[in-house]
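K.L.:
Need a 3D model of the sequence below.
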Amino acid sequence: MDFKNQVVDALSAVLKDELSADQIKGLIEVPKTSELGDFAFPTFMLAKTRHMAPIKIAAEIADQLDSSNFSKVVATGAYVNFFLAQTTFAQQVLADIAQQGADYGKQNLGSGNVPIDMSSPNIAKPMSMGHLRSTVIGNSIAKILTKVGYSPIKINHLGDWGTQFGKLIVAYKKWGSEEAVKADPITNLLHYYVRFHKEAETQPELDDEARAWFKKLEDGDPEAHELWSWFRGASLKEFKRIYDILGVKFDSFNGEAFYNDKMDKVIDELNDKHLLKESRGAEVVDLSKYDLNPALIRKSDGASLYMTRDLAAAIYRHDEYNFTQSLYVVGMEQTEHFKQLKAVLLEMGHDWANDIHHIPFGLITANGKKLSTRKGNVILLEKVLGEAVELAKTQIAEKHPDLQNADQVAEDVGVGAVVFHDLKSERVDNFDFNLEDVVRFEGETGPYVQYTNARANSILTKASAKADASVVLDDDSAWDVLKLLADFPATVARAAREYEPSVIAKYALRLAKGFNQYYAHTKILVEDAQLPARLALVQSVSTVLTESLNLLGVRAPKEM
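P.N.:
Below you'll find the predicted structure:
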């Protein structure tokens with residue numbers, strides 16, 4: 001039952017000659033407190049046409065409309081305030097959640113394949129905190145889109161091609177050893193890469209050597225290809241171990257190298273359509289009509305660029321997946337690049353480029369400093385996850401020393417804390433990372449939501465009766481929790497529309513806080529006729545908190 005639509009219907013009957021149902025729906029507000037009602041309709045916009053004060057209009061509308069579906073309708077100042085029939089509302093909401101379980105909030109907002117370009121670490125470099133955002137934001141968006149009817153395809157577009165491999169090959173040949181790389185591939189390859197950049201500051205000829213080696217790699221040189229293949233395989237093995245810790249799976253690991261043999265076709269098409277222009281020896285596509293800088297397609301030495309490969313990837317994904325939308329979960333600093341990508345595709349006549357969306361996000365900083373692999377300022381993701389688990393383990397031992405499966409719960413809580421902390425911020429915001437703030441059981445944290453869910457499960461375990469949504473819950477103190485539960489489907493829809501996991505994370509915090517306030521003021525396990533209904537509320541909270549966490553890629557242990 002859509003209670004907001006009941007309000008719209010009641011108002012439409014009175015205002016049908018002045019406002020459409022959609023206009024009315026767009027104006028309806030939710031008051032700050034339940035004392036002011038559950039929905040409110042402002043009358044200011046009617047003052048001009050009615051030539052009356054908004055306070056008088058509100059009183060007139062409140063008198064005229066049919067209030068039989070509500071406990072009461074009153075005019076308060078310039079607002080018409082609607083109070084829902086609480087017992088009917090409670091019975092409907094709890095019955096819906098009991099019946100649908102984890103499917104509560106599932107809806108059909110669209111369909112079709114949605115490739116999601118996400119995570120995309122560079123080969124031969126460690127997964128750092130800088131890689132966390134794209135990985136967990138992309139994973140959560142995939143879960144949210146699945147919930148509303150789409151079929152996401154998670155693509156890890158590995159950074160396994162480009163001039164950095166020329167740099168790495170030069171560094172390995174000058175300072176590296178096979179034994180060291182085999183013993184600890186990522187650490188030593190990173191060391192070589194950082195050293196290359198330091199040495200290149202005083203020896204610029206190293207950059208020329210690196211470009212030459214990358215050109216050899218593009219041309220299929222056996223030695224260059226063998227080194228590249230070795231670096232890639234060793235790195236991917238390390239990456240997959242960290243993805244397992246995060247609980248993130250991919251449908252494709254086709255990285256930049258996969259498109260190496262698909263770029264000539266793109267360049268031929270650009271040539272055939274007379275879109276390539278020469279600029280200082282390089283080839284570009286003029287995008288001045290889009291107010292964008294020219295898109296660089298091929299360098300003067302004939303080497304390809306990110307743009308060339310991304311054009312090939314976009315066309316391949318369209319042909320392979322026939323996508324409804326195609327998403328790129330990539331940092332905000334790449335906004336111009338994706339505008340150029342779409343513009344070049346549109347110039348090529350590919351109208352489906354309008355279905356491509358860049359999903360930008362802000363930076364994680366540490367002590368106010370930007371993370372940089374090149375400068376060696378790296379916070380290793382695996383190290384952070386390990387420390388988070390240890391912090392969780394310490395707190396769990398204090399709160400619940402006899403807990404079974406304590407190690408697994410600590411992993412669920414520690415890893416979940418890091419993921420939740422990332423996703424609770426609006427994705428375009430920057431934030432500074434402090435591990436001790438992240439793994440707290442109080443405040444706006446993942447462990448707080450998980451602990452609330454565990455508390456709800458503990459109540460259900462201790463109860464002498466079973467939850468029963470058919471028993472009418474007549475409890476004023478549960479009202480705010482019930483309204484939050486009813487709001488979950490609309491929250492999921494908004495998160496999907498905006499590609500914004502923080503909508504779900506903030507909702508989970510509100511629901512956890514609302515339930516804890518209810519728990520603090522209500523004796524839930526009292527043996528009376530209302531006990532099964534109260535337990536149905538507790539069960540519903542656990543169901544919705546668990547599903548909220550699931551949509552964020554966070555596990556929900558039943559005990560903490």
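
K.L.:
Please make it C-alpha for all contacts and neighbour counts, starting now.
P.N.:
Fine.

K.L.:
how much space is there between Val136 and Val419?
P.N.:
Counting by Cα to Cα, to the nearest Å, the separation of Val136 from Val419 is 7 Å.

K.L.:
which residues are in contact with both of the two?
P.N.:
Common contacts of Val136 and Val419 (Cα atoms under 8 Å, 6 or more residues apart in numbering): Leu552, Gly553.

K.L.:
wait, what's in contact with the most centrally placed residue in the chain?
P.N.:
By Cα atoms, centre = their mean, the chain has its centre lying nearest to Ile137, at 3.2 Å. The contact partners of Ile137, by Cα under 8 Å, 6+ apart, come to Val329, Leu423, Arg427, Pro501.

K.L.:
Give me the neighbour count for Ser288.
P.N.:
9 (other Cα atoms under 10 Å).

K.L.:
which one is it nearest to, not counting chain neighbours?
P.N.:
Pro294 (7.1 Å; Cα to Cα, 6 or more residues apart in numbering).

K.L.:
Do you have the strands of the stretch 351-500 of the chain handy? List them.
P.N.:
356-359, 364-366, 369-370, 431-432 (DSSP state E, counting those that start in this stretch).

K.L.:
Show me the one of those that comes nearest Lys173.
P.N.:
strand 369-370 (30.1 Å; Cα to Cα).

K.L.:
same question for that closest one, mean pLDDT?
P.N.:
For strand 369-370, the mean per-residue pLDDT is 68.

K.L.:
Please apply the same query to stretch 495-513.
P.N.:
Here the average pLDDT along stretch 495-513 is 98.

K.L.:
Need the residues that contact it.
P.N.:
137, 140-141, 144-145, 148, 359, 420, 423-427, 444-445, 448-449, 452-453, 481, 484-485, 488, 491-492, 494, 541, 545, 548-549, 551-552.

K.L.:
Can you give me the buried ones in the helix or strand in which Ser229 is found?
P.N.:
Assigned by DSSP states H and E, Ser229 belongs to helix 222-246. Residues Ala224, His225, Trp228, Phe231, Arg232, Ala234, Ser235, Leu236, Phe239, Tyr243, Leu246 are the ones in helix 222-246 that count as buried (16 or more other Cα atoms under 10 Å).

K.L.:
Can you tell me how far the first one is from Trp230?
P.N.:
To tie it back to what came earlier, the one meant is Ala224. Using Cα to Cα, which is the criterion applied here, Ala224 is 10 Å from Trp230.

K.L.:
where do the strands sit along the stretch 201-350 of the chain?
P.N.:
Counting by DSSP E, counting those that start in this stretch, the strands of the stretch 201-350 of the chain are 276-279, 282-285, 295-298, 326-329.

K.L.:
Of those strands, which is nearest Ala90?
P.N.:
Of all the strands of the stretch 201-350 of the chain, strand 326-329 sits nearest to Ala90, with 38.5 Å by Cα to Cα.

K.L.:
which strands and helices sit next to the closest one?
P.N.:
Helices and strands touching strand 326-329, by 3 or more Cα pairs under 8 Å, 6 or more residues apart in numbering; DSSP states H and E, are strand 113-117, helix 132-147, strand 356-359.

K.L.:
between the ones you listed, which gets nearest to Tyr306?
P.N.:
Using Cα to Cα, the nearest of the helices and strands packed on strand 326-329 to Tyr306 is strand 113-117, at 14.2 Å.

K.L.:
so that closest one versus helix 132-147, what angle?
P.N.:
170 degrees (axes from the mean of the first three to the mean of the last three Cα atoms, to 10 degrees).

K.L.:
what's in contact with strand 113-117?
P.N.:
Taking Cα under 8 Å, 6+ apart as the rule, strand 113-117 contacts 138, 142, 150-157, 317, 321-330.

K.L.:
please redo it, this time with the cut-off set to 7 Å
P.N.:
Applying Cα atoms under 7 Å, 6 or more residues apart in numbering, the external contacts of strand 113-117 come out as 138, 150-157, 321-329.

K.L.:
List buried residues within the residues you listed.
P.N.:
Buried among those (16+ other Cα under 10 Å): 138, 150-157, 322-329.

K.L.:
show me what contacts Ser540?
P.N.:
Leu94, Ile97, Ala98.

K.L.:
Among those residues, which one lies nearest to Trp213?
P.N.:
Ile97 (60.2 Å).
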